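> no FASTA, just this:
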């Protein structure tokens, strides 16, 4: 819980990781990719305030104690949601697995929700293992990384028929929140693994699931926003938006927030610090203090209200994940607000 | 590059540098030289040009990277007096494949045999369409600030724009896409079809143009920020002019 100016905020960090990218965990022959990956993340950390930057060795592998401190003692987080990314092709024990996250969550009951992942290329055996993980860790969500390398394959699409089988399984198991990484393009080359059109496809087909587009589809938020206005079950994951822009590019942070509020609205934005890329403390405090600057370029966008910030920082995620919010941290009679947007002609 | 010129950098070097200034990141629609993507640019004896490019992350999209390396190669090769060109992408997971493919002028599909299905023309066109949207926001916002009524925009033509770099840039991108770009052509056109935007569609069109520009400029900010984290010496290089 974070309190500022007499207002209390229930904070859900909907995007956290407990990873091991240390050289001991690099797969032989894949060292360049394993190293390149974590250095890429480390460069992102450089977009946060200088005093929050870590040396690379700490960034490659941090302790459980540090994470607990950064999130719950210093970072104002009430509940944190783990979003795994396996990357077993590059990291021997995986980069950030459900098992590692789950074990940590079990050592700290009540503080984490554990999401798992699936990969439709794993077929029936993968499906059985997926179901076991869901039951073992009580998962209510999955994090999908469609650009994951597997042998010769450089990724997959939510449009693949095999993916539909897994999504049907999600519905059956009550795994209703599907987080999809849509960030900077990498492989597979000309077939853009992070194009949001596959989300459009499955959001229409799976009305019982919520699709949270992580990193709001950056670098293509325009494609994302346009798609999200047409699908009622699509949400914006703010990891990278807050961490990558609020400090380093404040004017674009304001514009991006303005656009997201305009096209999606206050009930569809979900805060995530993306730990350990960025610590939640400065993001939560900064977001509560932030408001739309008075600037002609931003005149299309109204300031955010305290209630809207409460929704974005935690109440929206709590709703999607059925997280119990203490009575004094709820909003009185919150109503679902449709975005202003621009209707079709 | 004034500091380098002071050190006796040749006219060839200046010409190669300005040729690189015509090459853009296809997604950001900004010149490689402005973005800080040119790490090294040298012209040796007998007109041998050596250019090194650097990108914000090790995993930058190889399709975009390929376009930039290939475009840089072509731009430098077209400079009069340049006899030999080498363009090398640094610190990138697909650098070897891209460098080899561009040097052999073998095209994207052949360079990434088995992994790529298409040459990159359609990708380039997609980004050009976005550049047209973003450019439309730039010029329309300026018109609105100057007191033009929003309702009047669909009735304006490119010839109604005050002359300036934004107007030039918009026309250039429209020309590249084969869209109408003359003085008498409508200011607001659908970048996919080239058709004029009707007054009833204008509000949505302009909202999307604004969003597209925000997206491109926010990306550009993230890319610039990450490049500086990856190559801290850039601050110093910029300091030299």
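Structure received. Bear in mind the structure is a predicted one, so any value in this text is a computation, not a measurement. Residues are numbered from 1 along each chain as shown, chains lettered A, B, ... in the order given.
> pretty sure residue A:14 belongs to a strand, no?
Yes: applying DSSP: H, G, I helix; E, B strand; the rest coil, one finds residue A:14 inside a strand.
> so who does it touch?
A:81, A:83, A:179, A:212, A:237, A:239, A:270, A:271, A:272, A:317 (Cβ atoms under 8 Å, 6 or more residues apart in numbering or on different chains). All C-beta atoms are positioned from the backbone trio N, CA, C, and that covers glycine.
> what do you get if the cut-off is 10 Å, keeping everything else the same?
A:79-83, A:113, A:115, A:141, A:177, A:179, A:212, A:214, A:235, A:237-239, A:270-274, A:313-314, A:316-318, A:320-321 (Cβ atoms under 10 Å, 6 or more residues apart in numbering or on different chains).
> buried subset of those?
Neighbour-count burial (16 or more other Cβ atoms under 10 Å in any protein chain shown) applied to the contacts of residue A:14 gives A:79-83, A:113, A:115, A:141, A:177, A:179, A:212, A:214, A:235, A:237-239, A:270-274, A:313-314, A:316-318, A:320-321.
> so which of these belong to helices?
Within these, residues falling in helices by DSSP state H are A:316, A:317, A:318, A:320, A:321.
> pLDDT at the closest residue to residue B:182 other than its chain neighbours, what is it?
Closest residue to residue B:182 apart from its sequence neighbours, by Cβ to Cβ, 6 or more residues apart in numbering or on different chains: residue B:158 at 6.8 Å. Looking at residue B:158, its pLDDT reads 98.
> isn't residue B:158 up against residue B:180?
Yes: contact criterion Cβ atoms under 10 Å: residue B:158 and residue B:180 qualify, at 8.3 Å.
> how many other residues sit next to the nearest residue to residue B:145 once chain neighbours are set aside?
For residue B:145, ignoring the flanking residues on the chain, the nearest one in space by Cβ to Cβ, 6+ apart is residue A:296 at 6.8 Å. Neighbour count for residue A:296, taken as other Cβ atoms under 10 Å in any protein chain shown: 9.
> quick one: residues contacting residue A:296.
If you count contacts by Cβ under 10 Å, 6+ apart, then residue A:296 has B:141, B:144, B:145 around it.
> got a quick ChimeraX command for the buried subset of those residues?
The ChimeraX selection below is limited to those of the contacts of residue A:296 classed as buried (16+ other Cβ under 10 Å):
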select /B:141,144
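> which neighbours do residue B:158 and residue B:180 have in common?
B:171, B:174, B:186, B:189.
> Throw the residues you listed into JSON lines and include pLDDT, thanks.
Formatted as JSON lines, those follow (pLDDT from 0 to 100):
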{"residue": "B:171", "pLDDT": "97"}
{"residue": "B:174", "pLDDT": "97"}
{"residue": "B:186", "pLDDT": "98"}
{"residue": "B:189", "pLDDT": "98"}
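> out of those residues, which one sits closest to residue A:54?
residue B:174 (46.2 Å; Cβ to Cβ).
> which non-adjacent residue is nearest that closest one?
Closest residue in space to residue B:174, ignoring its immediate chain neighbours: residue B:181 at 4.1 Å, by Cβ to Cβ, 6+ apart.
> next one: residue A:268
Residue A:268's closest residue in space is residue A:235 (Cβ to Cβ, 6+ apart), at 4.8 Å.
> ok, residue A:17 next?
residue A:96 (4.6 Å).
> and residue 171, what does it touch?
No chain specified, so I'll use chain A. Applying Cβ under 10 Å, 6+ apart, the residues near residue A:171 are A:206, A:207, A:208, A:209.
> can you look at chain B instead?
Counted by Cβ under 10 Å, 6+ apart, residue B:171 has contacts B:132, B:135, B:139, B:158, B:161, B:179, B:180, B:181, B:182, B:183, B:185.
> residue A:265: what's it in contact with?
Residue A:265 neighbours (Cβ under 10 Å, 6+ apart): A:228, A:229, A:236, A:308, A:311, A:336, A:337, A:338, A:339, A:340, A:341.
> could you redo the last one with a cut-off of 7 Å?
A:337, A:338, A:339 (Cβ atoms under 7 Å, 6 or more residues apart in numbering or on different chains).
> swap in residue A:46?
Taking Cβ under 7 Å, 6+ apart, one finds A:53, B:229 in contact with residue A:46.
> just the helices in the chain please.
Defaulting to chain A. With DSSP H as the criterion, chain A has helices at A:31-45, A:56-60, A:64-68, A:98-107, A:123-137, A:161-173, A:197-205, A:221-228, A:250-263, A:280-289, A:306-310, A:316-321.
> my bad, chain B
Going by DSSP H, chain B shows helices at B:2-6, B:11-20, B:32-35, B:62-77, B:95-103, B:108-111, B:121-145, B:165-177, B:202-230, B:234-239.
> low-confidence ranges in chain A?
A:183-194, A:340, A:342-345 (pLDDT under 70).
> over to chain B?
For chain B (pLDDT under 70), the answer is B:1-9, B:114-119, B:236, B:238-241.
> chain A contacts on that one?
Contact residues (Cβ under 7 Å from any Cβ of the partner chain) of chain B with chain A: B:27, B:57-59, B:61-63, B:93, B:112, B:115-118, B:120, B:123, B:145, B:200-201, B:203-204, B:207-208, B:211-212, B:214-215, B:217-219, B:221-222, B:225-226, B:229-230.
> from those residues, which would you call buried?
B:27, B:57-59, B:61-63, B:93, B:112, B:115-116, B:120, B:123, B:201, B:203, B:207-208, B:211-212, B:214-215, B:217-219, B:221-222, B:225-226, B:229-230.
> domains in chain B, by residue range?
Listed by the TED database, the domain ranges of chain B are B:13-112, B:120-223.
> for these, which one ends up most surrounded?
Most buried of the domains of chain B, by mean neighbour count (mean count of other Cβ atoms under 10 Å in any protein chain shown): domain B:13-112, with a mean of 19.
> up against chain B, what does the stretch 201-345 of chain A have?
Within the stretch 201-345 of chain A, the residues that sit near chain B (Cβ under 7 Å from any Cβ) are A:218-222, A:225-226, A:244-245, A:248-249, A:252, A:255-256, A:259, A:296, A:342, A:345.
> are any of these buried, and if so which?
For those, buried by 16+ other Cβ under 10 Å: A:218-222, A:225-226, A:244-245, A:248-249, A:252, A:255-256, A:259, A:342.
> the residue nearest to residue A:94 when sequence neighbours are not counted - how many residues pack around it?
Computed as Cβ to Cβ, 6+ apart, the closest residue to residue A:94 that is not its neighbour in sequence is residue A:86, at 4.6 Å. By the measure other Cβ under 10 Å, the count of residues near residue A:86 is 21.
> quick one: contacts for residue A:86?
Residue A:86 neighbours (Cβ under 7 Å, 6+ apart): A:94, A:95, A:97, A:117, A:148.
> looks like the last one contacts residue A:88 (just checking).
No: using Cβ atoms under 7 Å as the test, residue A:148 is too far from residue A:88 to be in contact (8.6 Å).
> looking at these two, which is more packed in?
Using other Cβ under 10 Å, the more surrounded residue of residue A:148 and residue A:88 is residue A:148, with 23 against 15.
> please tell me how far the more buried one sits from residue A:90.
10 Å (Cβ to Cβ, to the nearest Å).
> state the number of residues packed around residue A:279.
24.
> list the contacts of it.
Residue A:279 is in contact with A:52, A:70, A:75, A:273, counting by Cβ under 7 Å, 6+ apart.
> turn those into TSV, columns for distance to residue A:202.
As requested, the contacts of residue A:279 are exported to TSV (distance: Cβ to Cβ, whole Å):
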residue	distance to residue A:202
A:52	36
A:70	34
A:75	33
A:273	27
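> still on that earlier bit, what pairs with the residue nearest to residue A:268 across the strands?
Using DSSP bridges, the bridge partners assigned to residue A:235 are residue A:212.
> tell me the residue furthest from the middle of chain B?
In chain B, counting by Cα atoms, centre = their mean, residue B:200 sits farthest out from the average C-alpha position, at 32.1 Å.
> since that was my last question, I'll sign off now.
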